[in-house]
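1. sharing a sequence plus its predicted fold:
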Amino acid sequence: MRFNPIQKTYVIATTGALGDTCATLPTLKILAGRGHLEKLFVDDRYLDLYRLFFPAEILVRLAEASVFIPKEDITPDIPASHIDPLTGGATLFNYPVNPNYSLVKSLRSWPSSVHMPLVDNFSIAICDAILRGAQRDYPRADPAKLPTNPLSGMGYVVIAYGATTEHRRMLPEVLAGLVDHFNSKGIEVVLLGRRDHLLVCSNTITSPTFDAIPPGVVDLIDQTTLLEALAIMQDARMVIGLDNGLLHLAALTDVPIVGGYTTVDPFYRVPQRHGVQGWNFTVIEPDSECRYCQTETFCTYRLPFLKCQIATKECMYSLTLDKWISGMASNPGCHFLTGGRHGCEEIIGQEHDHRKD
C-alpha cells in the first residue's frame, strides 16, 4: 500500500486494551508525522495518553463520533437494537474514512451495523502496511508533560500486578518472594494496576484477578490515573510484570523492564526502543511444553483465551521465583541489585555504547 503525501484520512485508534493502544502509537505517530491524519478517533480511556504524542486539533473523542439518523432515513441494514422506539430514529457510530483507498471501497457494501469493526480493521491494515523494523520504536513520554511523581527520589521498583486472563498472572508466591527479595536490599516495592477494568471476549466479561497483597509494599492499585502511573514508572529503577498493558506503558520511557510471557510469544510483544527490539528489556519465558497457545492457534481457531484451554495453566506455574530473580540479574539496568552502578543516564549510556560495538 502506497500513501499519497497530499492525501489525508480518518483513522480510529484501537479501542482495545492498554497494551494494544501503546503498540499502535509508533505507527500512528508516523502517519501523523507524514501528514496523513485528518482526524484520529480515540477511546476516552486513553485520551490523555494520546494528548502526549499528537496535536490536539486532530484528536476526536470516540464518544463524539456518532451520528443521529432520523426516522425517514432508516434503512433495513440498521439493526432494531439501535432504533429508538419513541422517535423511530437511530444513533450509530459514524467513522468517515478516505474513500479513495481500495480497501475502503470494498467495504461499502457492508451494513452500517458492522461499520465499526471493519473500519477498525482498516486502521490496522494501514498500520501493517507501513510498519517496518526501523519504525516500530515506542515514542518517548516527555516528563514535563506528566503529573508530578509523589514517589520521586524513593529508589523504588514497580510491579505491574493483576491480569485479565487466568493464565497471564504473577503467582502469589512469586509476588511475595519478589517483595522479600527487594525489601532485603532496602528497595521499596510499588504495586500498580486497576481492578475496575473489564475485558469482553467472546461475549464473556472478565475483570483483573488479584491475590492477597503481601506486606512491605506501597499499594497503589486503583489509586492512579494512566498518566500518574506512567510518571511513577518513568522514575522507577525497574518495572516488572507479566505481559500486560502497564508493561507497554512503561515502554514509553527508558526504564528497565522485566516481562514474563505465557500465552503469547514474546517475539510479537516485546517493545522496540531506541531502534532495538527488547532494548533494556528482559524476557522471562516458561519452560513448559504448553506455552504461547494464543500465538499458535488464535488466528486459526478463534478460541477464547480468558481461560486456559487445558485447565492446567502450566505456562504460568513454570514462571517460578528463581526465573524472575535470575532474569532480573541479566538485565543491564539492574546493577543496583548487585551493588554495581545504576541510574537512568548510566544505563542508557551503557546500552548505546553496547549497540555501537
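-> Sure, I can see it.
2. average model confidence for stretch 162-172?
-> Taken as a whole, stretch 162-172 has an average pLDDT of 78.
3. what pairs with the longest strand along the chain, parallel or antiparallel?
-> Looking across the chain with DSSP state E, the single longest strand is strand 37-42. Applying DSSP bridges, strand 37-42 is found paired with strand 9-12 (parallel), strand 59-61 (parallel).
4. check these for me: which has the lowest mean pLDDT.
-> strand 9-12 (a mean of 68).
5. following it, which helix or strand comes up?
-> helix 18-33 (DSSP states H and E).
6. could you check the angle helix 18-33 makes with the longest strand of the chain?
-> 170 degrees (axes from the mean of the first three to the mean of the last three C-alpha atoms, to 10 degrees).
7. using PDB, write out every CA atom in strand 37-42.
-> Output of strand 37-42 as PDB, limited to C-alpha atoms (Å, rounded to 0.1, in the frame of the first residue of the first chain):
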ATOM      1  CA  LEU A  37      -4.100  12.000   9.600                       C
ATOM      2  CA  GLU A  38      -7.000  14.400   9.300                       C
ATOM      3  CA  LYS A  39      -8.700  13.100  12.400                       C
ATOM      4  CA  LEU A  40      -7.700  10.400  15.000                       C
ATOM      5  CA  PHE A  41     -10.700   9.000  16.900                       C
ATOM      6  CA  VAL A  42      -9.600   7.800  20.300                       C
END
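8. can you give me the helices for the stretch 51-200 of the chain?
-> Using DSSP state H, counting those that start in this stretch, the helices of the stretch 51-200 of the chain run over 102-105, 115-130, 172-183.
9. which of those helices comes out lowest on mean pLDDT?
-> For the helices of the stretch 51-200 of the chain, where the average pLDDT is lowest is helix 102-105, sitting at a mean of 34.
10. please report how far G216 lies from I284.
-> 22 Å (C-beta to C-beta, to the nearest Å). (Each C-beta comes from the backbone N, C-alpha and C, glycine too.)
11. P215 now?
-> For P215, the distance to I284 - C-beta to C-beta - is 24 Å.
12. ok, L247 next?
-> 11 Å.
13. overlap in contacts of these two?
-> G259 (C-beta atoms under 8 Å, 6 or more residues apart in numbering).
14. surely L247 is in contact with A17?
-> No: look at L247 against A17 with C-beta atoms under 8 Å: they stay out of range, at 11.9 Å.
15. the more surrounded of the two?
-> When L247 is set against A17 and neighbours are counted by other C-beta atoms under 10 Å, the residue ahead is L247, at 25 against 17.
16. by contact count, what packs against the host helix or strand of that one?
-> Using DSSP H and E, L247 sits in helix 245-250. Contacts defined by 3 or more C-beta pairs under 8 Å, 6 or more residues apart in numbering; DSSP states H and E place helix 245-250 against helix 18-33, strand 157-160, helix 226-234, strand 239-242, strand 257-260.
17. and the third one, what does it pack onto?
-> The reference is to helix 226-234. helix 47-51, strand 189-192, helix 245-250.
18. burial measure for the closest residue to G177 other than its chain neighbours, as a count.
-> Nearest non-adjacent residue to G177, counting by C-beta to C-beta, 6 or more residues apart in numbering: L321, 4.0 Å away. For L321, the count of nearby residues is 16 (other C-beta under 10 Å).
19. quick check: closest non-adjacent residue to G259.
-> Going by C-beta to C-beta, 6+ apart, G259 has L247 as its nearest residue, at 5.0 Å.
20. contact partners for the one you found?
-> Taking C-beta under 8 Å, 6+ apart, one finds 19, 160, 239, 241, 257, 259 in contact with L247.
21. adding distance to Q309 and neighbour count, write these out as a markdown table.
-> Putting the contacts of L247 into a markdown table (distance: C-beta to C-beta, whole Å; neighbours: other C-beta atoms under 10 Å) gives the following:
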| residue | distance to Q309 | neighbour count |
| --- | --- | --- |
| G19 | 21 | 20 |
| A160 | 25 | 26 |
| V239 | 29 | 27 |
| G241 | 23 | 27 |
| I257 | 28 | 30 |
| G259 | 22 | 26 |
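22. sort out which one of those residues lies nearest I232 for me.
-> Nearest to I232, judged by C-beta to C-beta, of the contacts of L247 is V239 at 9.4 Å.
23. so V218 touches L192, yeah?
-> No: judged on C-beta under 8 Å, V218 makes no contact with L192 at a distance of 9.6 Å.
24. who has more neighbours out of these two?
-> L192 (27 against 15).
25. just the helices in the stretch 201-350 of the chain please.
-> Counting by DSSP H, counting those that start in this stretch, the helices of the stretch 201-350 of the chain are 226-234, 245-250, 293-301, 314-317, 321-330, 344-356.
26. restrict the fourth one to CA atoms and write it as PDB.
-> Presented in PDB, the C-alpha positions along helix 314-317 are these (Å, rounded to 0.1, in the frame of the first residue of the first chain):
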ATOM      1  CA  GLU A 314       1.300 -25.000  33.000                       C
ATOM      2  CA  CYS A 315       2.900 -21.900  31.400                       C
ATOM      3  CA  MET A 316       2.000 -19.700  34.300                       C
ATOM      4  CA  TYR A 317       3.100 -22.100  37.000                       C
END
